[in-house]
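[1] here is my input, please return the structure:
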Amino acid sequence: MVSKKRFQVKSSAQQQGSGAKYEPSIKSAPWHSSWVYDWPGVDIHIDKGTKNKHFFARQALVDEWQHNFLPMIQSIQNPRKQYKDLIYILLNMRWVPFTLIIVVMYFAMCSLFALLLSACGDYQDFSDDFNLSFQTMATIGFGVLFPQSRCANYVIVAQAIVSMLLLSALSGMVFAKFAKPKAKMAFSSVCCVQPYGKDKMALVFRVANATRSKDVTRDVVMDATFTLHLMRIEKSLGADKYVLRQYPLKLLQPNFITFRMAIALVHVIDADSPLYGLTEEKLRQSEMIFQVSMTGVDSTLQDTVIERRLYTVEMVQWGKKFAEMLNFDERKMVVSVDFANLSQTVPAPLYIRPSKIRDPPMANPVITRVQENEFALSPTPKMSWSSQKRIIQRNHSGVSQSTAMEPLFEPLLQPSVGTQRIAKCRRTSQDIDIVPEQIAHLQKQLEGTESLIATAEENDVYEQDEERLLVNSMSSRHSIEITNTPRFASINAKNVPVSYSFMSFYYTALHMKWPRILMLIVGSSILTNLAFGCLYYANYDQLTVNESLANGSYPFEIAFYLSIHTWATIGYGIVAPNPESKINNTWVALESILSVIFVTIFTGIAWSKFARPRAHIHFSQNIALSTYNGHRCLLIRAANTRHHGDIRESTFRMAVILTNSKTGLRQMEDVPLVNAMWPSILIPVTLVHIIDENSPFHQFQNPDDFSVHRMSVVTLFTGLDSTFAENVYARKMYFWDDFVMSKHFENAVDFTPDKVTIDYSKFDSLLDDDIPFHLQV
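    Model (predicted):
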């Protein structure tokens, strides 16, 4: 059974008495051992038979053909079948193997129908049957080879329908692959730890826009946003076990309005950094990896582009900085970007004065931890409407200006980090004095020296003004009650506008499974051809029929063959309307137009289904109310069940349905999560909500309380699909009978240097807590 140590409240003596066996390849960081950075549900260990001794040191990461920080992933009892990821495999392939697969598939279908035609016995040589099959599949129909017997004609009927479906599906797939946006980003193959100011260090990465265009206005990445995450294996405080932790590392400037040449991403290693106190020796002995992610908008495609790069410990250059790669020629007004110097470094000796040892974390990491995301780790805010005044903080004169940035051509460090900078203009004291206080305050916020979020004391100052300004204010959590949420299985829409009724066909097709779509298309094709066959049969005497075809088939069958030949645009010449027959030629023209419309619609549906991104997120069946590291909390588990591809920038939200007692209106109120953003969702994640005095769940002490209020919780997932570079969403609604108390999720992930094993049979497995939930205070 999985250990329950994380779900027990330990005293200080117990924590100090539990010794841990030291592993030289894994360094513990006691100043950052807060549980809020943990990746719950993951067991870390090194087997004796493992080939690799390091978790993140792999040649695949150096060669850039692996784009996730995990080794080989093996899933057990995954609810999603592997064949369902075939479209992701094909779309992520390079064009050469993709084209080879399409060609092999095409000729395989031709060979299959050639075997069926050979069984009918119209031709003695198999090559004739294959040529007839190929001409039918390609809708050529020269007329030299044609089906003669009834058997061969029915094989041609089936192949004509299959060829239309296959060509439409392949066209949709190829278009989806062409339309897939691809960022032209070039990341440096190394990163540098270099001096920053007099007493700090900085971790620097370099990224360049690898377009070949000479036009400065083309191939620009707009609104480029970068994120930096550190995944590190550490020792858990007071426990003889290893844990996987993920830290969001703050960048000096994570967002750029435009990105055309080269920029440096800088993380200052200060007292608030998880890398604080890092030395070169500790770096080489650490089990950690850096993940740099970029999202932006391509100016050519006007579409979202994403990119990611991983950096292992071996890729970190200690005491070096990047060499210059931009050369400005002011006379010719040309900027030269030398990509040969993208990863070139020059010495930058580190003469850092020894810093003071950081104090151990406080007893309540939930309150002391600072995160950029609103409400991410702070205590649960009051359930009230927020005012714009809340996010405005008054200027403090005592804020340090040590991290102020100078104007740069490309936003970089003030010390040189390997990119040319425009000389800084000197400003007089008079110019500085006339800067408004608001602009100075905004500059401090942009530099990161002043918070955008008001403190608790300042919120209290604005409390009275806020209640007076907001007419529809909720005042406080006391005006909000848990609503009795009815449970519905379906929604019956009545009197829907006609325009939406027409669009419902398209949305219905997108939600259909492929077998049902194929059955619908094949069935409609056969019915349409039977209808036109009846029209041709009504004027059968005005048809020109080959003698061999007339001797082997009935008149209605011949009319049906004509309909199929017209529908599939084959035209062997063995059956056709007489030139003098206006009625039959009219039916042929009408059927050919319908055929083009039919193929176009199916191609569009196929492309939409192929290019439609989906999250494939699997949520746990229950919500567990447990005690996690001494805190009463609510736990939900989620996982990406896809076998291929990842979802980046993964963000979760949780909301509870509330009723305002003053207005009587129902509303959804967000509840904060300890970690709302995750660098990857290739392995299951556990969402944690701390239940404090301001939480809407604070009033519940036993399962009967949930049943009485009939409450419901909605969980929303958003992320960027790595295949389509599109936003994907997933949601799950939990009702009152989905809550379980005094239980926690069993660990479902086994992480070793060789592989990661995800056991989905344990995904919903719940273990009993040592202490009942309602006894925790």
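
[2] now do the strands in the stretch 501-650 of the chain.
    For the stretch 501-650 of the chain, the strands defined by DSSP state E, counting those that start in this stretch occupy 543-545, 575-577, 617-619, 623-628, 631-640, 647-660.

[3] winner for burial among these?
    Ranked by mean neighbour count, the strands of the stretch 501-650 of the chain are led by strand 623-628 with a mean of 24 (mean count of other Cβ atoms under 10 Å). The way it works is simple: take the backbone N, C-alpha and C, and place the C-beta from them, glycine included.

[4] next, the angle strand 647-660 makes with that one.
    Angle, strand 623-628 to strand 647-660, by axes from the mean of the first three to the mean of the last three Cα atoms, to 10 degrees: 100 degrees.

[5] residue 312 and residue 265, how far apart?
    17 Å (Cβ to Cβ, to the nearest Å).

[6] which of these two has more residues huddled nearby?
    More crowded of residue 312 and residue 265, by other Cβ atoms under 10 Å: residue 265, with 25 against 19.

[7] isn't residue 213 right up against residue 219?
    Yes: the criterion here is Cβ atoms under 8 Å, and residue 213 meets it with residue 219 at 4.9 Å.

[8] quick one on the thing from earlier: of the strands of the stretch 501-650 of the chain, which is nearest residue 536?
    strand 543-545 (6.7 Å; Cβ to Cβ).

[9] what lines up beside that closest one in the sheet?
    strand 575-577 (antiparallel) (DSSP bridges).

[10] shaky segments in the stretch 501-650 of the chain?
    By pLDDT under 70, the low-scoring segments of the stretch 501-650 of the chain are 501-504.

[11] apologies, that question was intended for the stretch 351-500 of the chain.
    For the stretch 351-500 of the chain, applying pLDDT under 70 flags the ranges 352-500.

[12] may I have the phi/psi pair for the residue nearest to residue 642 when sequence neighbours are not counted?
    Nearest residue to residue 642, sequence neighbours excluded (Cβ to Cβ, 6 or more residues apart in numbering): residue 616, at 4.9 Å. Per-residue torsions, residue 616: phi 60, psi 50 (degrees, to the nearest 10).

[13] what's around residue 616, how many residues?
    By the criterion of other Cβ under 10 Å, residue 616 has 20 neighbours.

[14] what of the one 4 residues further on?
    Residue 620 has 23 neighbours, counted by other Cβ under 10 Å.

[15] residues contacting the closest residue to it other than its chain neighbours?
    Among residues not flanking residue 620 along the chain, residue 637 sits closest, at 4.0 Å (Cβ to Cβ, 6+ apart). Residues near residue 637 by Cβ atoms under 8 Å, 6 or more residues apart in numbering: 41, 619, 620, 684, 685, 686, 687, 745, 748, 763, 764.

[16] shouldn't the third one be in contact with residue 636?
    Pointing back at residue 620 there. Yes: the pair residue 620 and residue 636 passes the contact test of Cβ under 8 Å, sitting 5.9 Å apart.

[17] what is in contact with these two at once?
    Common neighbours of residue 620 and residue 636 are not found (criterion: Cβ under 8 Å, 6+ apart).

[18] quick one: list the elements packing against the helix or strand where residue 164 lies.
    Element membership for residue 164, per DSSP states H and E: helix 150-178. Judged by 3 or more Cβ pairs under 8 Å, 6 or more residues apart in numbering; DSSP states H and E, helix 150-178 is in contact with helix 86-91, helix 95-120, helix 126-137, helix 514-538, helix 555-567, helix 582-611.

[19] so which of the ones you listed is the most packed in?
    Looking across the helices and strands packed on helix 150-178 with neighbours counted as mean count of other Cβ under 10 Å, the highest average goes to helix 555-567: a mean of 22.

[20] convert that one to PDB, retaining C-alpha atoms only.
    Taking Å, rounded to 0.1, in the frame of the first residue of the first chain, the C-alpha atoms of helix 555-567 are listed here in PDB:
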ATOM      1  CA  PRO A 555     -31.500  -2.600 -67.400                       C
ATOM      2  CA  PHE A 556     -32.000  -1.100 -63.900                       C
ATOM      3  CA  GLU A 557     -28.500  -2.300 -63.000                       C
ATOM      4  CA  ILE A 558     -27.100  -0.500 -66.100                       C
ATOM      5  CA  ALA A 559     -28.900   2.700 -65.100                       C
ATOM      6  CA  PHE A 560     -27.400   2.300 -61.600                       C
ATOM      7  CA  TYR A 561     -23.900   1.900 -63.100                       C
ATOM      8  CA  LEU A 562     -24.400   5.100 -65.100                       C
ATOM      9  CA  SER A 563     -25.300   6.900 -61.900                       C
ATOM     10  CA  ILE A 564     -22.200   5.600 -60.100                       C
ATOM     11  CA  HIS A 565     -19.900   6.500 -63.000                       C
ATOM     12  CA  THR A 566     -21.400  10.000 -63.100                       C
ATOM     13  CA  TRP A 567     -21.300  10.400 -59.300                       C
END
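
[21] compute the inter-axis angle for it and helix 514-538.
    With the same axes, to 10 degrees applied, the angle from helix 555-567 to helix 514-538 works out at 120 degrees.

[22] packing partners for helix 555-567?
    Judged by 3+ Cβ pairs under 8 Å, 6+ apart, the packing partners of helix 555-567 are helix 150-178, helix 514-538, strand 543-545, helix 547-552, strand 575-577, helix 582-611.

[23] bridge partners for the spatially most central residue of the chain, pull those for me.
    Closest to where the C-alpha atoms of the chain average out (Cα atoms, centre = their mean) is residue 647, at 2.4 Å. As for beta bridges, residue 647 partners with residue 721 under DSSP bridges.

[24] tell me how far the residue lying closest to residue 51 once chain neighbours are set aside lies from residue 560.
    Nearest residue to residue 51 in three dimensions, chain neighbours excluded: residue 754, at 5.8 Å (Cβ to Cβ, 6+ apart). Going from residue 754 to residue 560 by Cβ to Cβ gives 61 Å.

[25] swap in residue 112?
    Applying Cβ to Cβ, the value for residue 112 to residue 560 is 23 Å.

[26] if we can go back for a sec, isn't the residue nearest to residue 642 up against residue 641?
    Yes: contact criterion Cβ under 8 Å: residue 616 and residue 641 qualify, at 5.2 Å.

[27] now for these two: what residues contact both?
    residue 80.

[28] so what sits opposite residue 577 in the bridge?
    residue 543.
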